[in-house]
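>>> Fold the following.
(chains A and B)
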Amino acid sequence: MATDITKITEKSNWQDLTVGNQIYASGTSRMFKTGEWRTQSPVFHSEKCKQCLLCVPVCPDSSIPVKDCKRQDFDYDHCKGCGICAEVCPFEAISMKEGQ
Amino acid sequence: MAVRERLSGNEAISYAIKQVNPDVMPAFPITPSTEIPQYVANYIANGEMDTEFIPVESEHSSMSATIGASAAGARALTATSSCGMALMWEELYVAASNRLPLALCLVNRALSGPININCDHSDSMGARDTGFIQIYAENNQEVYDNFVQAYRISEHKDVRLPIMICQDGFITSHAVENIELLEDEKVKGFVGEYEPENYLLNPEQPMALGPYAVSNYYMETKMAQNTAMKNAKQVILDVGKEYGELSGRSYGFFEAYRLEDADYAFVIIGSAAGTTKDAVDQLREEGVKAGILKLRVFRPFPDEEIAGALKNCKVVAIMDRSESFRGKGGPLGAEVKAALYDHAANVRAFNLIYGLGGRDFTVEEAKQIYRDLEAYDRDGKAFEEYRYVGLRG
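Next up is the predicted model:
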């Protein structure tokens, strides 16, 4: 039976956890907002972007969404601010700033 | 009709493995458990079983691969001893906390150093807090019987914990004894097929195993794990009884040997219980009311039952085959004494250390300890507690 991950929270009693914390569902890490760990943030300058998409595959957290073959703004819920995208961009379309 | 044979402990458990025919066995050799993967590999090569055998590069890998196989949905096992188990340490906890019902055939051997290949219980006793169920055997017959029962306990839906089937290195693992084996179909019928509800290779239901648990989840997870271990008590009793109906040999948490009316008792684990039985029989002929509580199940620890069985004794000697370096005794001593205290069993109990690194433990030594218990009780003679049995100097 699939686990309804929304029913398991930090307030759940021990009896309500799954056996061994196993999660019988997929893609649940989307619900875990790891972006709040970030101390630096990438900023997308769309006017300089040529949509070459070099930044997309190097993002370790899949935080650059692509729609209709075009990259969108960052998914800040999951971006850790590693800066690889800014480093790889040949057009200075991504810059890094301090903080969230 | 049961099959009468003569087998060593390693042969006996390998034969049981053949009959159960689990799905996957990753293993790395280490004395004195090496023969187990060797015999299983022979059975596979001869076409007598179809377990997937994985020769791995270390025990860290053998337990990791066993965990992986179990998580994937396979019935899995491995075998090891001593430092091999020490190298699995991290994975032992991972297997238990992920609630994977796998089996570990442990052949007890001393841990280094000094390097020593002979029997004591320091390996499994060191792993007593990993979350594995631990079942010990006195002889080859019990090793065989314990393994046949292993997956029924481990895979039970109220338990789902890994299980360690322990036997004494060389003394049990390599000595050939008479043994009664069950027919293949009886074993297969008793153990049954493994049908996990969830497993990683199930395309119908994707799952994640071993997720990170922040502080807000960790203690709740441990309580659930501990509850599963407590649940294992009833399952062990049920399976031991059902096995008795099948084989004529039933099992509980311990064997009470001439304990009913005993004034002086040993609490002891493993092969040395057989030696002690000879001592008890001889002492009984001399009129000494000696008895034994031979502990079979160390995890979960049957504290209430132990206290109940010992409560009418006058003095008890708790015999540890491993050191805990607390300066006062071994792990069995600590836990049995706690059980007596918790259940208000007002019995004087002493803790002794014997048989480290394969040191012989003799009938005469056992008898002397009983006589010392009696002298303490009857004449008030001081009893040298926390002594090393058979120590020079």
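
>>> part of a helix, is residue B:12?
Yes - the assignment for residue B:12 by DSSP: H, G, I helix; E, B strand; the rest coil puts it in a helix.

>>> Let me see the backbone angles for residue 65.
Defaulting to chain A. The phi and psi torsions at residue A:65 (degrees, to the nearest 10) take the values phi -70, psi 150.

>>> ah, no, chain B please
Phi and psi for residue B:65, reported as degrees, to the nearest 10, are phi -70, psi -30.

>>> isn't it right next to residue B:26, touching?
Yes - taking contacts as Cβ atoms under 8 Å, residue B:65 lies within contact range of residue B:26: 3.6 Å. C-beta here means a position set from N, CA and C on the backbone, and glycine is covered the same way.

>>> Looking only at neighbour counts, state which of these two leads.
Between residue B:65 and residue B:26, residue B:26 has the larger neighbour count (other Cβ atoms under 10 Å in any protein chain shown), namely 24 against 20.

>>> Now the common contact residues for residue B:65 and residue B:26.
Common contacts of residue B:65 and residue B:26 (Cβ atoms under 8 Å, 6 or more residues apart in numbering or on different chains): B:54, B:56, B:78.

>>> And what about the first one, helix, strand or coil?
In this case it means residue B:54. Using three-state DSSP, the structure places residue B:54 in strand.

>>> which residues sit in contact with the closest residue to it other than its chain neighbours?
Excluding its sequence neighbours, the residue lying closest to residue B:54 (Cβ to Cβ, 6 or more residues apart in numbering or on different chains) is residue B:26, at 3.8 Å. Counting by Cβ under 8 Å, 6+ apart, residue B:26 touches B:53, B:54, B:55, B:56, B:61, B:62, B:65, B:66, B:69, B:76, B:78.

>>> what about 7 Å?
Residue B:26 is in contact with B:54, B:56, B:62, B:65, B:66, B:78, counting by Cβ atoms under 7 Å, 6 or more residues apart in numbering or on different chains.

>>> Sketch out the low-pLDDT regions of chain A for me.
Counting by pLDDT under 70, the ranges of chain A that qualify are A:1.

>>> Give the buried residues for stretch B:267-281.
If you call a residue buried by 16 or more other Cβ atoms under 10 Å in any protein chain shown, then stretch B:267-281 has these buried ones: B:267-277, B:279-280.

>>> Stretch A:50-68 too?
Neighbour counts over stretch A:50-68 (16+ other Cβ under 10 Å) mark A:55, A:59, A:61, A:63, A:64 as buried.

>>> Mind checking what secondary structure the fourth one has?
Read it as residue A:63. When classified by three-state DSSP, residue A:63 comes out as coil.

>>> Please verify my assumption that it contacts residue A:82.
No - using Cβ atoms under 7 Å, residue A:63 is not in contact with residue A:82, being 9.5 Å away.

>>> where does the stretch 101-250 of chain B come near chain A, residue by residue?
B:160, B:198, B:205-209, B:211, B:213, B:216-217, B:220-221, B:223-224 (Cβ under 7 Å from any Cβ of the partner chain).

>>> Tell me where the chain has helices.
Here I'm looking at chain A. A:55-58, A:84-88 (DSSP state H).

>>> think we crossed wires, I meant chain B
Using DSSP H, helices in chain B cover B:9-20, B:35-45, B:59-72, B:82-87, B:89-97, B:122-126, B:140-154, B:184-191, B:215-247, B:272-285, B:303-310, B:331-342, B:363-379.

>>> I am finished for the moment; much appreciated.
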